[in-house]
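Peer 1: A predicted structure for the sequence below; I have some questions about it.
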Amino acid sequence: MRIGVAGAGRIGSFHAQTLCRLAGVDSVVVADANREFARTLSERLGIDYLERPGDLFTAGIDGLVIAAATDAHADLIVAGVGAGVPVFCEKPAAPDAASTRAVIANVSGSNVPVYIGFQRRFDAGFTTARNAVLSGRLGWVHTLRACTLDPAPPPVAYIVASGGFFRDCCVHDFDAIRWITGQEVIEVYARGAVRGEDFFREAGDVDTVAALLELTDGTFAHVSASRYNAHGYDVRLEVLGSQRSISVGLDDCMPLESAEAGISFPSGQPHSYFIERFAAAYVAELTAFTEVVAGTGNVQPMCTLSDALEATLIAEACELSRLEHRPVRMAEVRA
């Protein structure tokens, strides 16, 4: 099969490299709005490149992987579905809930599969936690604690176009909470602060956040995130039940030091960035996608456009809560 990759930045380059190694993928072609990015990547990997992402639809591709800038996602998804090409798109499907709804409306009625890349759904630890909840092994769940901590802020230009911390970063935690518990969020209360560089404030964003989510069955989920965690990239999720509890990310790479005497755990080298932490999950989700393209995989997407919309709505509720310093019911943002 021939797979087209739209976007030759950090994650697009990683996806292209992964695709080149997957069984069943005969060729990969890349395109980027910045032609030099695509050309450089094509030379490094020995793959074809095109002048513009739109050219991919006349290049004989069997599947499309979208890793372009966020504001290009919606149009590329709609174009891919219109061309009858299975689509895998890095989150988000669109910059906000309104434009995500527009994408859903545009592709409604089509049987062309669209997969949204929330890679934590393919991570071994997150999958184990979900299975533990669904099997009842933990008893009834009363609390979840999730965190996503970046070692350092992204560039200023990225922050300006990111849509805000909740939409850009915490959306992964929101999706994981829904997926693992099988519950929906009914109310949020969120706060945020600028503890580091002023460019966050100038962009109307924050670098440190905390949110409390209430789920449909009364479970509470605590989400915290920061752009400043120089000790290492830290993604963890604790699921606390009436009988047992389980933790994702509790390993030797965890960037924490124990304050207890005589404890050497964790003793490994912390992850330095997100691709390193989730490398296996990224490979697993692209493997699943190419199996669908080949006609041998499960055509039901692991993460749908509707799932992407739900995570975005939670992010928008948290942003509204942060700005207005009040609890926000999900019914309010849905309206």
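Peer 2: Now that the structure is in, tell me what you want to look at. Numbers count the residues shown, from 1 in each chain.

Peer 1: please make it C-alpha for all contacts and neighbour counts, starting now.
Peer 2: Will do.

Peer 1: strands of the stretch 51-200 of the chain, start to end?
Peer 2: For the stretch 51-200 of the chain, the strands defined by DSSP state E, counting those that start in this stretch cover 63-66, 87-90, 114-117, 141-149, 185-193.

Peer 1: so which elements touch the second one?
Peer 2: In this case it means strand 87-90. strand 63-66, helix 70-82, strand 114-117 (3 or more CA pairs under 8 Å, 6 or more residues apart in numbering; DSSP states H and E).

Peer 1: next, count neighbours for A335.
Peer 2: A total of 5 residues lie near A335 under the criterion other CA atoms under 10 Å.

Peer 1: what's the distance between it and A98?
Peer 2: Distance of A335 to A98, given as CA to CA, to the nearest Å: 11 Å.

Peer 1: I would like the residues contacting the host helix or strand of L240, please.
Peer 2: Under the criterion of DSSP states H and E, L240 resides in strand 234-241. Residues from elsewhere that reach strand 234-241, judged by CA atoms under 8 Å, 6 or more residues apart in numbering: 129, 138-150, 245-250, 254-255, 271.

Peer 1: try it again with 7 Å
Peer 2: 138-150, 245-249, 254-255 (CA atoms under 7 Å, 6 or more residues apart in numbering).

Peer 1: among those residues, name the buried ones.
Peer 2: Buried by 16 or more other CA atoms under 10 Å: 138-141, 143-150, 245-249, 254-255, out of these.

Peer 1: quick check: which of the helices and strands packed on strand 87-90 is buried the most?
Peer 2: strand 63-66 (a mean of 28; mean count of other CA atoms under 10 Å).

Peer 1: on that earlier part again, next structured bit after the strand holding L240?
Peer 2: strand 245-248.

Peer 1: packing partners of that next one?
Peer 2: Applying 3 or more CA pairs under 7 Å, 6 or more residues apart in numbering; DSSP states H and E, one finds that strand 245-248 contacts helix 124-135, strand 234-241.

Peer 1: with just CA atoms, put it into CSV.
Peer 2: C-alpha atoms of strand 245-248 as CSV (Å, rounded to 0.1, in the frame of the first residue of the first chain):
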residue,chain,number,x,y,z
SER,A,245,-6.0,0.9,42.8
ILE,A,246,-3.8,1.0,39.7
SER,A,247,-1.3,3.5,38.4
VAL,A,248,0.0,4.2,34.8
